[in-house]
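# Using only what follows, build the 3D model:
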Amino acid sequence: MEQFDPLDDRWWTAGSSLNWWDSTSPVRPAWVPDRSQGVDYVRRNRRAVLAVLTQVHQYRTVDTAALAALDPDLPDRTDATLYRHMVAAGILEAGLPIPTGGKALGTPRSAPFVALRLPAHKRLETPLRRLGFTPVDIASLGPGPLRGARQYDRHNLICVSLALTARKAGWRTWGEAYGRFSLMTGDPLMGSGGPDLMLQGETGWCAVELTASAGQTLEEKFRRWDRVLAHPGCPPMDVLWLDASRDHTLLDPLKGLASARPRQHAGSAAVWRDTLTCDDGFHKPAGTPPPLPDWMRGNFDRLAALVGFPDASGWRIPPRLDGRTHRGEA
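Got it, this is the predicted structure:
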């Protein structure tokens, strides 16, 4: 079967969206197992389910091959049992490409690729609790509400392909769920907007703004980044504005706006994916990203301080509350 490349326009001749089966639909396709089977499978395979949800939540839309590349423990098959049963349980939705003739392919097995997203019309926090997942399991999935967001399928899938290229070059990548101005500056007043992709390296960060249209004026977006980069809480960071428009008409406007801004750079998404280099020659090596902190440790240190301890270094923390086991237990 031919390999899926989201930058290849032949996949989008019928538009920039996929054909999704909505989890709230009363019509269940033949390839979706019975709901009771899906629920039972999810309860028996919680570790794998959390691994899938972690990636899909942060990258918004992920095809199965990319999902396996992001996490090698996950299957890459379009019709994998894990994904079909998560769809059956109502905690995942599957999207298939629409061929040129406009008729959707019928099953994941016959499709050249299948993409996955969180349900677009409901939040998952309550359904996951009913399925036996703990509050720590749910918190480990990342910031923001657990529902399908910003469902621009072509755009999101291109972002995942850029992330995979960056990972091969040594960068640690964070999807759109983590790309929040409030998180990167430590200032809630900066808002929840942010880039499409974050790259973490040894000496700093790169924020990727994948630009496929100029719906919000580009100049306004650049000015907002001026404020973020000038914020005292913002770490060392460069912004990469990548043209992903289907007619390739945004590169010149992006270059014009970036030219007077030394920490903002413009380029073509396709060229950057091949070279990691922007049009002005900007190419930042990843180096060795710093180790990840235990995401729960800071919370326990604050809890220890409340009861008079200097920190929680001597506490025996149960495995389910240890940030290093963020996928939860099976």
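
# so where do the helices sit in the stretch 201-330 of the chain?
Per DSSP state H, counting those that start in this stretch, the stretch 201-330 of the chain carries helices over the ranges 218-230, 251-258, 269-275, 297-306.

# List the residues that contact the residue nearest to Arg60 when sequence neighbours are not counted.
Counting by Cβ to Cβ, 6 or more residues apart in numbering, Asn156 is the residue found nearest to Arg60 once chain neighbours are left out, at 4.4 Å. Heads up, the C-betas are built off the backbone N, CA and C, glycines and all. Asn156 makes contact with 59-62, 150, 176, according to Cβ atoms under 8 Å, 6 or more residues apart in numbering.

# same deal with Pro127?
Remark: with contacts taken as Cβ under 8 Å, 6+ apart, Pro127 is in contact with 90-91.

# and Leu240, how many neighbours?
26 (other Cβ atoms under 10 Å).

# measure the residue nearest to Thr24 when sequence neighbours are not counted to Phe4 for me?
The spatially closest residue to Thr24, leaving aside those adjacent along the chain, is His121, at 5.2 Å (Cβ to Cβ, 6+ apart). Distance of His121 to Phe4, computed by Cβ to Cβ, to the nearest Å: 26 Å.

# Between these two, which is the more surrounded one?
Phe4 (20 against 11).

# so which strand or helix has that one?
Here Phe4, judged by DSSP states H and E, is contained in no helix and no strand.

# Not counting sequence-adjacent ones, nearest residue to it?
Nearest to Phe4 is Phe113, by Cβ to Cβ, 6+ apart, at 3.8 Å.

# What score does the residue nearest to Arg60 have for pLDDT?
Looking at Asn156, its pLDDT is 96.

# Surely it forms part of a helix?
Yes: assessed by DSSP: H, G, I helix; E, B strand; the rest coil, Asn156 belongs to a helix.

# thinking again about what came up before, ok, which of the helices of the stretch 201-330 of the chain comes nearest Ala169?
Closest approach to Ala169 among the helices of the stretch 201-330 of the chain is made by helix 269-275 (10.1 Å; Cβ to Cβ).

# which of the residues in the closest one are buried?
269-270, 272-273 (16 or more other Cβ atoms under 10 Å).

# Quick one: buried ones out of the contacts of Asn156?
By 16+ other Cβ under 10 Å, the contacts of Asn156 give 59-62, 176 as buried.

# I'd like those laid out as a markdown table, including distance to Pro97, pLDDT and secondary structure.
Shown next, in a markdown table, are these (distance: Cβ to Cβ, whole Å; pLDDT from 0 to 100; DSSP: H, G, I helix; E, B strand; the rest coil):
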| residue | distance to Pro97 | pLDDT | secondary structure |
| --- | --- | --- | --- |
| Tyr59 | 18 | 96 | helix |
| Arg60 | 17 | 95 | coil |
| Thr61 | 12 | 96 | coil |
| Val62 | 14 | 97 | strand |
| Glu176 | 22 | 94 | helix |
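
# remind me which residues of the chain are low pLDDT?
Flagging of the chain using pLDDT under 70 yields the residue ranges 1-2, 100-105, 150-151, 215-216, 293-297, 318-330.

# Mind jotting down where the strands sit in it?
Applying DSSP state E to the chain gives strands spanning 19-21, 62-63, 93-96, 115-117, 172-174, 197-200, 205-211, 237-243, 264-268.

# Mind putting these into TSV with distance to Tyr41?
What follows is the strands of the chain, written out as TSV (distance: least, Cβ to Cβ, whole Å):
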stretch	distance to Tyr41
strand 19-21	18
strand 62-63	20
strand 93-96	15
strand 115-117	16
strand 172-174	29
strand 197-200	31
strand 205-211	35
strand 237-243	39
strand 264-268	43
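
# Leu229 - how many residues pack around it?
Neighbour count of Leu229, defined by other Cβ under 10 Å: 19.

# what sits against it?
Applying Cβ under 8 Å, 6+ apart, one finds that Leu229 lies in contact with 237, 239, 263-264.

# any idea how far it is from Asp73?
37 Å.

# I'd guessed Phe4 sits against Arg10; true?
No: with contact defined as Cβ atoms under 8 Å, Phe4 does not count as touching Arg10 (10.5 Å).

# Spatially central, which residue of this structure would that be?
Centrality entry for the chain: nearest residue to the mean C-alpha point is Tyr59, 1.4 Å, by Cα atoms, centre = their mean.

# And the nearest residue to it once chain neighbours are set aside, how far from Asp311?
By the measure of Cβ to Cβ, 6+ apart, the closest residue to Tyr59 outside its immediate chain neighbours is Gly175, 3.9 Å from it. Going from Gly175 to Asp311 by Cβ to Cβ gives 31 Å.
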